[in-house]
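Peer 1: Below is the structure, and that's it, no one-letter string:
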Ligand code: HEC
Ligand code: HEC
């Protein structure tokens, strides 16, 4: 047995002209290779008579796959890179007005998710509210001005990047359960005012629990792919028509109030399906159905009925709204009457859509 190297029979079969030949010295019993005069595999000989050597062909395939893999992964890496639209010295980020910020906070419903659960103070922003989803349970962070537990060390640019781009100061993507896909259309003035208001609140030292989500989703970089497919930074879905009240309503409904985040159905990636926008959908917790609020669902409600509901929770047909909408109304009740009318006017102008079916 002179051929200890199992690759040798194969090598021995390659003549300098590149044509495969028979290694007469090898027999199946000696080398484990069953090459014989009649064993030149047809696949090695191309139609034009030239020959591709098995190992060469495999090598070039592997090479192409490796190049493709490198190309795809670097493209994905670039596409999923977190992007920070605001820098600390952005001239647009001048100090805001905290009193106006209070209204932005109410319109944005921030307290419904970030107020510490189990206590009545909506401005105690210790977080830790559990948000169930098909991907696991998310926990809201502490956004009080506490420097350790909250966002006390943040600049206004940090807040702007979180709301407009869904990116943290550490340059990590946020999960879209934080509804920045809507907030991304927020006016810079509103973000500045909101920041000023948040600074006036009590610091809360509580540390919320970490998210309890599937292992794969813990890799935040993947959210970059979701953003690539479904997120339009800085864009509002609002349809404007030049009537200032209607257009203000478009901003409040589509952007700050993020009403579509609850009143629509989602695809398997958790992104809103455009044809179901405002036409209703299963709640994110998977229990109950959030109603259709296009004229296809509440067409019989007048502008006045909607305004009244946003002020008091009272509906024209069935008493009072409940569930998470009761929380929303605690906020819309704090808005100006003009803003509530604006929301109602915009809802009345939506294209009527049939109620989405889960
Ligand atoms: C539907 C619930 C929900 C609403 C409404 C909401 N948030 Fe959040 N928010 C979250 C969740 C969940 C996270 C954590 C996301 C993550 O870990 O990727 C978050 C993250 C944040 C962060 C990042 C905090 C940190 O420590 O990195 C800030 C700041 C924030 N939200 C501010 C706001 C403001 C301001 C509003 C209102 C305009 C608001 N949120 C409304 C759920 C919500
Ligand atoms: C956190 C999820 C959530 C958000 C955000 C939300 N809603 Fe709702 N909404 C609900 C749920 C749940 C109901 C059903 C309440 C019930 O049946 O008692 C509801 C009910 C309603 C109704 C009554 C519909 C009916 O047929 O009775 C209207 C109108 C409405 N919402 C408008 C809005 C507007 C406008 C916004 C944005 C400012 C908004 N909602 C934001 C969850 C939400």
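Peer 2: Arrived safely, thanks for sending. Computed from a predicted model, the values in this text were never measured in an experiment. Numbers count the residues shown, from 1 in each chain. Ligands and ions are numbered 1, 2, ... in the order given.
Peer 1: State the distance from the residue of the stretch 1-150 of the chain found nearest ligand 2 to residue 268.
Peer 2: Of all residues in the stretch 1-150 of the chain, the one sitting closest to ligand 2 is residue 109 (5.8 Å; CB to the nearest ligand atom). Every residue, glycine included, has its C-beta placed from N, CA and C. Residue 109 is 26 Å from residue 268, where distance means CB to CB, to the nearest Å.
Peer 1: Between those two, point out the one with more neighbours.
Peer 2: residue 109 (22 against 6; other CB atoms under 10 Å).
Peer 1: pretty sure the more buried one contacts residue 325?
Peer 2: No - with contact defined as CB atoms under 8 Å, residue 109 does not reach residue 325; the gap is 10.5 Å.
Peer 1: is any part of stretch 252-268 close to ligand 2?
Peer 2: Yes - residues of stretch 252-268 are located near ligand 2 by CB under 6 Å from any ligand atom, namely 253, 257-259, 261-263.
Peer 1: could you list every residue that touches residue 283?
Peer 2: Shown in contact with residue 283 (CB atoms under 8 Å, 6 or more residues apart in numbering): 262, 289-290, 323-324.
Peer 1: thinking again about what came up before, what about burial for the residues of stretch 252-268 next to ligand 2, which qualify?
Peer 2: 253, 257-259, 261-263 (16 or more other CB atoms under 10 Å).
Peer 1: ok, so of those residues, who is nearest residue 204?
Peer 2: When these are ranked by distance to residue 204 (CB to CB), residue 258 comes first, at 23.7 Å.
Peer 1: Apart from its neighbours in sequence, what residue is nearest the closest one?
Peer 2: Nearest residue to residue 258, sequence neighbours excluded (CB to CB, 6 or more residues apart in numbering): residue 182, at 3.6 Å.
Peer 1: what do you get for residue 141?
Peer 2: residue 127 (4.7 Å).
Peer 1: Residue 90 too?
Peer 2: Closest to residue 90 by CB to CB, 6+ apart is residue 157, at 5.9 Å.
Peer 1: Tell me which helix or strand the one you found sits in.
Peer 2: helix 156-165 (DSSP states H and E).
Peer 1: now for that helix, which elements pack on it?
Peer 2: helix 180-183, helix 188-199 (3 or more CB pairs under 8 Å, 6 or more residues apart in numbering; DSSP states H and E).
Peer 1: Mind checking if the first one is in reach of ligand 2?
Peer 2: No - contact between helix 180-183 and ligand 2 is absent, the nearest approach being 9.2 Å (criterion: CB under 6 Å from any ligand atom).
Peer 1: tell me what that helix is packed against?
Peer 2: helix 156-165.
Peer 1: Report the mean per-residue pLDDT for the helix it packs on.
Peer 2: Mean pLDDT, helix 156-165: 97.
Peer 1: again with stretch 307-324
Peer 2: On average, stretch 307-324 scores 92.
Peer 1: Check stretch 119-131 too.
Peer 2: 96.
Peer 1: contacts for that stretch?
Peer 2: 110-111, 113-117, 137-144, 149-150, 177, 198, 201-202, 204, 206, 208-209, 284-285, 330.
Peer 1: Stretch 241-261 too?
Peer 2: 104, 107-109, 179, 181-187, 190, 236-240, 272, 277-278, 293, 328, 332, 335, 338-339, 341-347, 349.
Peer 1: Kindly recompute the last result at 6 Å.
Peer 2: Here stretch 241-261 makes contact (CB atoms under 6 Å, 6 or more residues apart in numbering) with 107-108, 179, 182, 185-186, 236-238, 240, 277-278, 342-343, 345-346.
Peer 1: do the same with stretch 184-197
Peer 2: Applying CB under 6 Å, 6+ apart, the contact partners of stretch 184-197 are 92, 96-98, 100-102, 104-105, 156, 159-160, 163-164, 233-234, 236, 255.
Peer 1: which of these are buried?
Peer 2: 96, 98, 100-102, 104-105, 156, 159-160, 163-164, 236, 255.
Peer 1: Closest to residue 86 out of those?
Peer 2: Nearest member of the buried ones among the contacts of stretch 184-197 to residue 86, counting by CB to CB, is residue 160, at 4.3 Å.
Peer 1: Can you classify the residue nearest to that closest one when sequence neighbours are not counted by secondary structure?
Peer 2: Of all residues not flanking residue 160 in the chain, residue 86 sits nearest, at 4.3 Å (CB to CB, 6+ apart). Residue 86 falls in the coil class when you classify it by DSSP: H, G, I helix; E, B strand; the rest coil.
Peer 1: Other residues contacting stretch 348-356?
Peer 2: 265, 276, 278-281, 292, 294-297, 303.
Peer 1: Adding distance to residue 131, secondary structure and neighbour count, write those out as TSV.
Peer 2: TSV is the format used below for the contacts of stretch 348-356 (distance: CB to CB, whole Å; DSSP: H, G, I helix; E, B strand; the rest coil; neighbours: other CB atoms under 10 Å):
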residue	distance to residue 131	secondary structure	neighbour count
265	18	coil	19
276	21	helix	23
278	21	coil	29
279	23	coil	25
280	20	coil	24
281	16	strand	25
292	23	coil	22
294	25	coil	23
295	30	helix	17
296	28	helix	17
297	25	helix	21
303	32	helix	15
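Peer 1: now, which of these lie close to ligand 1?
Peer 2: Of the contacts of stretch 348-356, not one also sits near ligand 1 (CB under 6 Å from any ligand atom).
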